[in-house]
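Asks: one predicted model, sequence on top.
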Amino acid sequence: MHVEGVLCNPCHGARVEERISKFNGDHEYTHEAVCPHCGHVHRDSWDMSEGVRNCNDCDRKFDLTRHTEVTYTTIKA
C-alpha cells in the first residue's frame, strides 16, 4: 500500500529486501556514506559520527569510517 509517498511496513520491508538482494554497488571511498547492505545513500554524511550506525532505510547495522585527505599549499613569503 502506498499513501502520499509513504509505504506501509510490509511494502517497505519487501522493497528493502529486494534492494538488498540486488545491491552489489560501490560503498567504499564514496563522497557520501552508502549502506553496504542496501545501497541507500546517506545525505549529509559529514554530520555522521564514526562507528556502528543503523541504515536509515533498511535498519541494518554498518560500521562507518571517515577518511580525511590533507593537502598543503605554499606561496612565496
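Replies: Yep, that arrived.
Asks: got phi/psi on the spatially most central residue of the chain?
Replies: Geometric centre of the chain, nearest residue: Val34, 2.8 Å, by Cα atoms, centre = their mean. In terms of degrees, to the nearest 10, the main-chain angles of Val34 are phi -120, psi 130.
Asks: what does Ala14 give?
Replies: phi -70, psi -40.
Asks: one more: Arg15?
Replies: When read as degrees, to the nearest 10, the backbone of Arg15 gives phi -60, psi -40.
Asks: so what's it up against?
Replies: By Cβ atoms under 8 Å, 6 or more residues apart in numbering, the contact set of Arg15 is Leu7. Just so you know, the C-beta spots here come from the backbone N, C-alpha and C atoms, and that holds for glycine as well.
Asks: recalculate using a threshold of 6 Å.
Replies: Contacts of Arg15 were listed using Cβ atoms under 6 Å, 6 or more residues apart in numbering, and none were found.
Asks: ok, now Glu50?
Replies: Contacts for Glu50 (Cβ under 6 Å, 6+ apart) come out as 64-66.
Asks: what about it, distance to Arg19?
Replies: Distance of Glu50 to Arg19, given as Cβ to Cβ, to the nearest Å: 25 Å.
Asks: what do you get for Asp26?
Replies: Remark: distance between Asp26 and Arg19 (Cβ to Cβ) = 15 Å.
Asks: among those two, which residue is more densely surrounded?
Replies: Between Asp26 and Arg19, counting by other Cβ atoms under 10 Å, Arg19 is the more crowded of the two (16 against 9).
Asks: good, wrapping up.
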